[in-house]
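Trainee: Got a predicted structure plus its sequence, pasted below:
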Amino acid sequence: MPPKLPPLLVVFDMAGTTVHDRSDVARCLADALRKAGFQCDEALANTRMGMAKPLAIAELAAVSLERGVGRVVTPGLVGEIHRDFLDAINEHYRTHPSVRAVEGAAEIFAALRHRGVKVALDTGFSRPTVEVILARLGWSVPATLDAVVTSDEVARGRPAPDLLREAMRRCGVTESARCAHVGDTPSDVGEGLAAGAGWNIAIAGPSHSAEQLAACRPTHIVGALTAVPAALGLDFAA
(Lines give C-alpha, C1' and ligand atoms only; values in the text may rest on other atoms or scores of the structure.)
Protein backbone atom coordinates (compact mmCIF):
# COMPACT_ATOMS: atom_id res chain seq x y z
CA MET A 1 0.00 0.00 0.00
CA PRO A 2 1.56 3.35 -1.05
CA PRO A 3 2.06 5.86 1.79
CA LYS A 4 -0.56 8.49 2.53
CA LEU A 5 2.01 11.30 2.64
CA PRO A 6 3.05 12.74 -0.73
CA PRO A 7 6.39 11.76 -2.29
CA LEU A 8 9.56 13.71 -1.59
CA LEU A 9 11.35 12.34 -4.66
CA VAL A 10 10.21 10.79 -7.93
CA VAL A 11 12.84 8.93 -9.95
CA PHE A 12 12.05 8.23 -13.61
CA ASP A 13 13.69 5.78 -15.99
CA MET A 14 14.80 7.21 -19.33
CA ALA A 15 14.42 5.08 -22.52
CA GLY A 16 10.85 3.87 -22.88
CA THR A 17 9.61 5.89 -19.89
CA THR A 18 10.53 9.55 -20.41
CA VAL A 19 12.46 9.21 -23.68
CA HIS A 20 10.61 7.85 -26.70
CA ASP A 21 11.83 4.39 -27.73
CA ARG A 22 10.77 2.27 -30.71
CA SER A 23 12.88 -0.73 -29.68
CA ASP A 24 15.90 1.37 -30.67
CA VAL A 25 17.94 0.26 -27.65
CA ALA A 26 17.09 -3.42 -28.14
CA ARG A 27 17.94 -3.17 -31.83
CA CYS A 28 21.36 -1.61 -31.20
CA LEU A 29 22.08 -4.16 -28.46
CA ALA A 30 21.11 -7.10 -30.67
CA ASP A 31 23.13 -5.72 -33.59
CA ALA A 32 26.27 -5.39 -31.45
CA LEU A 33 25.93 -8.96 -30.18
CA ARG A 34 25.36 -10.39 -33.64
CA LYS A 35 28.40 -8.49 -34.94
CA ALA A 36 30.47 -10.31 -32.30
CA GLY A 37 29.13 -13.69 -33.41
CA PHE A 38 26.32 -14.25 -30.92
CA GLN A 39 22.69 -15.14 -31.61
CA CYS A 40 20.40 -12.34 -30.45
CA ASP A 41 17.31 -10.65 -31.80
CA GLU A 42 15.33 -7.64 -30.57
CA ALA A 43 12.85 -9.79 -28.65
CA LEU A 44 15.63 -11.44 -26.65
CA ALA A 45 17.46 -8.14 -26.11
CA ASN A 46 14.20 -6.63 -24.85
CA THR A 47 14.18 -9.08 -21.92
CA ARG A 48 17.24 -7.24 -20.52
CA MET A 49 15.99 -3.69 -21.03
CA GLY A 50 16.63 -1.35 -18.12
CA MET A 51 19.72 -3.23 -16.96
CA ALA A 52 23.24 -1.82 -17.04
CA LYS A 53 24.29 -2.53 -20.59
CA PRO A 54 27.53 -4.47 -19.88
CA LEU A 55 25.56 -6.82 -17.62
CA ALA A 56 22.81 -7.13 -20.24
CA ILE A 57 25.43 -7.99 -22.87
CA ALA A 58 27.03 -10.65 -20.67
CA GLU A 59 23.66 -12.27 -19.93
CA LEU A 60 22.52 -12.19 -23.57
CA ALA A 61 25.82 -13.67 -24.72
CA ALA A 62 25.41 -16.46 -22.15
CA VAL A 63 21.95 -17.24 -23.52
CA SER A 64 23.44 -17.46 -27.01
CA LEU A 65 26.16 -19.81 -25.77
CA GLU A 66 23.51 -22.05 -24.20
CA ARG A 67 22.05 -22.30 -27.70
CA GLY A 68 25.44 -23.28 -29.08
CA VAL A 69 26.27 -19.98 -30.79
CA GLY A 70 29.13 -17.69 -29.78
CA ARG A 71 32.43 -17.84 -27.93
CA VAL A 72 33.76 -17.65 -24.42
CA VAL A 73 32.49 -14.50 -22.75
CA THR A 74 35.31 -12.50 -21.18
CA PRO A 75 35.31 -8.99 -19.68
CA GLY A 76 37.32 -7.85 -22.69
CA LEU A 77 34.76 -9.22 -25.12
CA VAL A 78 31.89 -7.64 -23.17
CA GLY A 79 33.76 -4.34 -23.33
CA GLU A 80 34.23 -4.69 -27.10
CA ILE A 81 30.52 -5.39 -27.66
CA HIS A 82 29.57 -2.56 -25.32
CA ARG A 83 31.71 -0.11 -27.30
CA ASP A 84 29.98 -1.15 -30.52
CA PHE A 85 26.62 -0.71 -28.82
CA LEU A 86 27.61 2.75 -27.56
CA ASP A 87 28.73 3.86 -31.02
CA ALA A 88 25.37 2.85 -32.46
CA ILE A 89 23.07 4.13 -29.71
CA ASN A 90 24.91 7.44 -29.32
CA GLU A 91 24.69 8.04 -33.05
CA HIS A 92 20.98 7.26 -32.90
CA TYR A 93 20.36 9.73 -30.09
CA ARG A 94 22.50 12.41 -31.74
CA THR A 95 20.94 12.27 -35.18
CA HIS A 96 17.72 10.28 -35.55
CA PRO A 97 14.59 12.39 -36.09
CA SER A 98 12.47 10.10 -33.89
CA VAL A 99 14.37 11.07 -30.72
CA ARG A 100 12.04 13.04 -28.47
CA ALA A 101 10.65 13.20 -24.95
CA VAL A 102 7.62 11.09 -24.12
CA GLU A 103 4.44 13.15 -24.11
CA GLY A 104 4.02 15.06 -20.86
CA ALA A 105 7.50 14.36 -19.46
CA ALA A 106 8.78 17.93 -19.14
CA GLU A 107 5.42 19.17 -17.87
CA ILE A 108 5.29 16.47 -15.18
CA PHE A 109 8.85 17.28 -14.08
CA ALA A 110 7.97 20.97 -13.77
CA ALA A 111 4.69 20.35 -11.95
CA LEU A 112 6.33 18.04 -9.41
CA ARG A 113 9.16 20.48 -8.73
CA HIS A 114 6.68 23.34 -8.41
CA ARG A 115 5.11 21.38 -5.58
CA GLY A 116 8.46 20.87 -3.88
CA VAL A 117 8.96 17.28 -5.04
CA LYS A 118 12.48 16.42 -6.19
CA VAL A 119 12.75 14.87 -9.66
CA ALA A 120 15.57 12.60 -10.86
CA LEU A 121 16.34 10.33 -13.79
CA ASP A 122 18.10 6.99 -13.54
CA THR A 123 19.05 4.61 -16.29
CA GLY A 124 20.85 1.51 -17.49
CA PHE A 125 22.85 3.76 -19.83
CA SER A 126 26.32 5.04 -19.02
CA ARG A 127 27.06 8.75 -18.60
CA PRO A 128 28.28 9.46 -22.18
CA THR A 129 25.01 8.23 -23.70
CA VAL A 130 22.95 10.13 -21.14
CA GLU A 131 24.77 13.36 -21.93
CA VAL A 132 23.88 12.92 -25.62
CA ILE A 133 20.21 12.40 -24.72
CA LEU A 134 20.04 15.32 -22.30
CA ALA A 135 21.63 17.65 -24.84
CA ARG A 136 19.22 16.52 -27.55
CA LEU A 137 16.16 17.08 -25.33
CA GLY A 138 17.40 20.26 -23.65
CA TRP A 139 17.17 18.77 -20.14
CA SER A 140 19.73 19.57 -17.46
CA VAL A 141 20.49 19.74 -13.75
CA PRO A 142 19.38 21.97 -12.06
CA ALA A 143 17.23 23.68 -14.70
CA THR A 144 14.97 20.71 -15.50
CA LEU A 145 15.94 18.02 -12.99
CA ASP A 146 17.41 17.66 -9.52
CA ALA A 147 19.68 14.71 -10.35
CA VAL A 148 20.57 12.22 -13.08
CA VAL A 149 22.20 8.91 -12.10
CA THR A 150 23.75 6.55 -14.64
CA SER A 151 24.63 2.87 -14.38
CA ASP A 152 28.38 3.47 -14.48
CA GLU A 153 28.15 5.74 -11.42
CA VAL A 154 26.97 3.01 -9.03
CA ALA A 155 28.35 -0.34 -7.96
CA ARG A 156 25.35 -2.34 -9.15
CA GLY A 157 22.79 -1.63 -11.83
CA ARG A 158 19.18 -2.73 -11.87
CA PRO A 159 17.47 -4.62 -10.37
CA ALA A 160 19.71 -3.69 -7.41
CA PRO A 161 18.64 -0.56 -5.48
CA ASP A 162 21.86 1.40 -6.01
CA LEU A 163 20.58 3.82 -8.68
CA LEU A 164 17.58 4.93 -6.64
CA ARG A 165 19.61 5.17 -3.45
CA GLU A 166 22.19 7.35 -5.19
CA ALA A 167 19.40 9.59 -6.48
CA MET A 168 18.14 9.87 -2.89
CA ARG A 169 21.62 10.81 -1.70
CA ARG A 170 22.06 13.49 -4.36
CA CYS A 171 18.62 14.93 -3.62
CA GLY A 172 19.00 14.88 0.16
CA VAL A 173 16.11 12.45 0.73
CA THR A 174 16.53 9.78 3.40
CA GLU A 175 13.12 8.03 3.52
CA SER A 176 12.76 5.45 0.77
CA ALA A 177 9.06 5.08 1.60
CA ARG A 178 8.60 8.71 0.53
CA CYS A 179 10.22 8.00 -2.86
CA ALA A 180 8.64 6.83 -6.10
CA HIS A 181 10.22 4.96 -8.98
CA VAL A 182 8.69 5.02 -12.47
CA GLY A 183 9.78 2.67 -15.26
CA ASP A 184 8.63 0.36 -18.02
CA THR A 185 10.59 -2.86 -17.45
CA PRO A 186 10.80 -5.67 -14.88
CA SER A 187 14.27 -4.47 -13.89
CA ASP A 188 12.82 -1.02 -13.14
CA VAL A 189 10.24 -2.59 -10.84
CA GLY A 190 12.93 -4.74 -9.25
CA GLU A 191 14.98 -1.66 -8.47
CA GLY A 192 12.03 0.05 -6.79
CA LEU A 193 11.25 -3.05 -4.74
CA ALA A 194 14.85 -3.51 -3.66
CA ALA A 195 15.11 0.13 -2.60
CA GLY A 196 11.84 0.06 -0.65
CA ALA A 197 10.18 2.78 -2.73
CA GLY A 198 6.72 3.72 -1.48
CA TRP A 199 5.45 4.00 -5.05
CA ASN A 200 6.74 1.57 -7.65
CA ILE A 201 4.95 2.57 -10.84
CA ALA A 202 5.20 0.46 -14.00
CA ILE A 203 4.17 1.81 -17.40
CA ALA A 204 2.76 -0.87 -19.67
CA GLY A 205 3.44 -0.44 -23.36
CA PRO A 206 5.57 -1.65 -26.25
CA SER A 207 8.37 -2.87 -23.98
CA HIS A 208 6.35 -5.05 -21.59
CA SER A 209 2.67 -5.80 -21.21
CA ALA A 210 0.59 -5.12 -18.11
CA GLU A 211 0.51 -8.87 -17.46
CA GLN A 212 4.30 -9.16 -17.62
CA LEU A 213 4.76 -6.19 -15.31
CA ALA A 214 2.09 -7.37 -12.85
CA ALA A 215 4.17 -10.49 -12.18
CA CYS A 216 6.91 -8.19 -10.81
CA ARG A 217 4.57 -6.74 -8.13
CA PRO A 218 4.64 -2.98 -8.74
CA THR A 219 2.35 -0.83 -6.61
CA HIS A 220 0.71 0.60 -9.74
CA ILE A 221 0.47 -0.23 -13.44
CA VAL A 222 -0.47 2.64 -15.75
CA GLY A 223 -0.87 2.93 -19.49
CA ALA A 224 1.04 6.15 -20.04
CA LEU A 225 3.46 8.54 -18.37
CA THR A 226 0.66 11.10 -18.12
CA ALA A 227 -1.15 8.78 -15.67
CA VAL A 228 1.72 8.90 -13.16
CA PRO A 229 0.58 12.01 -11.23
CA ALA A 230 -2.75 10.37 -10.42
CA ALA A 231 -0.94 7.22 -9.26
CA LEU A 232 1.07 9.44 -6.94
CA GLY A 233 -2.14 10.90 -5.56
CA LEU A 234 -1.40 14.34 -6.97
CA ASP A 235 -3.94 16.49 -8.78
CA PHE A 236 -2.04 18.89 -11.01
CA ALA A 237 -5.31 20.55 -12.06
CA ALA A 238 -5.97 21.75 -8.51
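Mentor: Looks like it came in fine.

Trainee: mind listing what's buried in stretch 163-177?
Mentor: 163, 164, 165, 166, 167, 168, 170, 171, 173, 176 (16 or more other CB atoms under 10 Å). Bear in mind the C-beta positions are built from the backbone N, C-alpha and C, glycine included.

Trainee: show me what contacts the fourth one?
Mentor: Residue 166 makes contact with 122, 149, 153, 154, according to CB atoms under 8 Å, 6 or more residues apart in numbering.

Trainee: Please parse this structure into its domains.
Mentor: 9-22+99-231, 24-95 (automatic domain parsing).

Trainee: Endpoints of the shortest one, how far apart?
Mentor: The first and final residues of domain 24-95 sit 13 Å from each other (CA to CA, to the nearest Å).

Trainee: quick one on the thing from earlier: most tightly packed of the domains of the chain?
Mentor: With neighbours taken as mean count of other CB atoms under 10 Å, the domains of the chain reach their highest mean count in domain 9-22+99-231, at a mean of 20.

Trainee: Relative to residue 73, how far out is the residue nearest to residue 154 when sequence neighbours are not counted?
Mentor: Sequence neighbours aside, residue 162 is the residue nearest to residue 154 in space, at 3.8 Å (criterion: CB to CB, 6 or more residues apart in numbering). Between residue 162 and residue 73 the computed distance is 23 Å (CB to CB, to the nearest Å).

Trainee: what does residue 209 give?
Mentor: Separation of residue 209 from residue 73 (CB to CB) stands at 30 Å.

Trainee: what do you get for residue 194?
Mentor: 25 Å.

Trainee: Name the SS class of the residue of the chain positioned farthest from its centre, please.
Mentor: Most distant residue from the mean C-alpha position of the chain: residue 68, 30.6 Å away (CA atoms, centre = their mean). On the three-state scheme (DSSP: H, G, I helix; E, B strand; the rest coil), residue 68 is labelled coil.

Trainee: Show me what the longest helix along the chain packs onto, helices and strands only.
Mentor: For the chain, the helix with the greatest residue count under DSSP state H is helix 75-95. Counting contacts by 3 or more CB pairs under 8 Å, 6 or more residues apart in numbering; DSSP states H and E, helix 75-95 is packed against helix 24-35, helix 53-66, helix 127-137.

Trainee: so after the shortest one, what's the next helix or strand?
Mentor: Yep, that's helix 127-137 we're talking about. strand 147-149 (DSSP states H and E).

Trainee: wait, isn't residue 159 in contact with residue 191?
Mentor: Yes. Counting by CB atoms under 8 Å, residue 159 touches residue 191, with 5.3 Å between them.

Trainee: on that earlier part again, could the domains of the chain go into a markdown table alongside mean pLDDT?
Mentor: Converted to a markdown table, the domains of the chain look like this (pLDDT from 0 to 100):
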| stretch | mean pLDDT |
| --- | --- |
| domain 9-22+99-231 | 96 |
| domain 24-95 | 96 |
